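Colleague: Sharing a model that was predicted from the sequence below.
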Amino acid sequence: QVQLTESGGGVVQAGGSLNLSCATSGRTFNNLNVAWFRQAPGKEREFVAAIWWWRGDNTYYSDPVKGRFTVSRDDAKNTVYLQMNGLNAEDTAVYYCAASFTTGLQETDFESWGQGTQVTVSS
């Protein structure tokens, strides 16, 4: 089992930036595929970005965040990051990191989840 802990959320003005962190423990980090999801009030949780270890750290992004968000990993710190630039009100949500040893970008493909961190973008 993998334990995940998100941090770095907060309140930011539109156009600003935040860098979320997802610290992992409990299993070999190098084999993990890690993704970020988010859930806005009244909406379903949606995929945001992922970084796949088994494909040489290939990255994947949803269309709404492509070009603004960057996912990366630091193997020495067992941590995955989500750098978010150009934030707007539509990015307001609780952000979750999730981990998997299998492929896929659906929620059901991920067996471990963090508790979430709130991101609020004020206009």
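Modeller: Here it is on my side, so go on.
Colleague: which stretch of helix or strand covers the spatially most central residue of the chain?
Modeller: Residue closest to the average C-alpha location in the chain (C-alpha atoms, centre = their mean): W36, at 2.4 Å. Secondary structure from DSSP states H and E places W36 in strand 33-39.
Colleague: mind listing what's buried in that strand?
Modeller: Buried positions in strand 33-39, judged by neighbour count with 16 or more other C-beta atoms under 10 Å: 33-38. From N, CA and C alone the C-beta is placed, and that goes for glycine too.
Colleague: contacts for that strand?
Modeller: For strand 33-39, contacts defined as C-beta atoms under 8 Å, 6 or more residues apart in numbering pick out 20, 22, 24, 45-54, 71, 73, 80, 82, 91, 93-103, 105, 107, 110, 116, 119.
Colleague: Among these, name the ones in strands.
Modeller: Counting by DSSP state E, the part of those found in strands is 20, 22, 24, 46-52, 71, 73, 80, 82, 93-100, 119.
Colleague: Quick check, N19 in contact with T79.
Modeller: No - taking contacts as C-beta atoms under 8 Å, N19 lies outside contact range of T79: 11.0 Å.
Colleague: These two: who's more crowded?
Modeller: T79 (18 against 13; other C-beta atoms under 10 Å).
Colleague: Was I right to think that one contacts L20?
Modeller: No - with contact defined as C-beta under 8 Å, T79 does not count as touching L20 (10.3 Å).
Colleague: Skipping its backbone neighbours, what lies nearest L32 in space?
Modeller: Among residues not flanking L32 along the chain, A99 sits closest, at 5.0 Å (C-beta to C-beta, 6 or more residues apart in numbering).
Colleague: Show me the beta-bridge partners of the closest residue to K43 other than its chain neighbours.
Modeller: Distance criterion C-beta to C-beta, 6+ apart; nearest residue to K43, sequence neighbours excluded, is A93 at 7.9 Å. Taking DSSP bridges as the rule, A93 bridges to V119.
Colleague: which ones are touching A93?
Modeller: Taking C-beta under 8 Å, 6+ apart as the test, what A93 contacts is 38-41, 43, 119.
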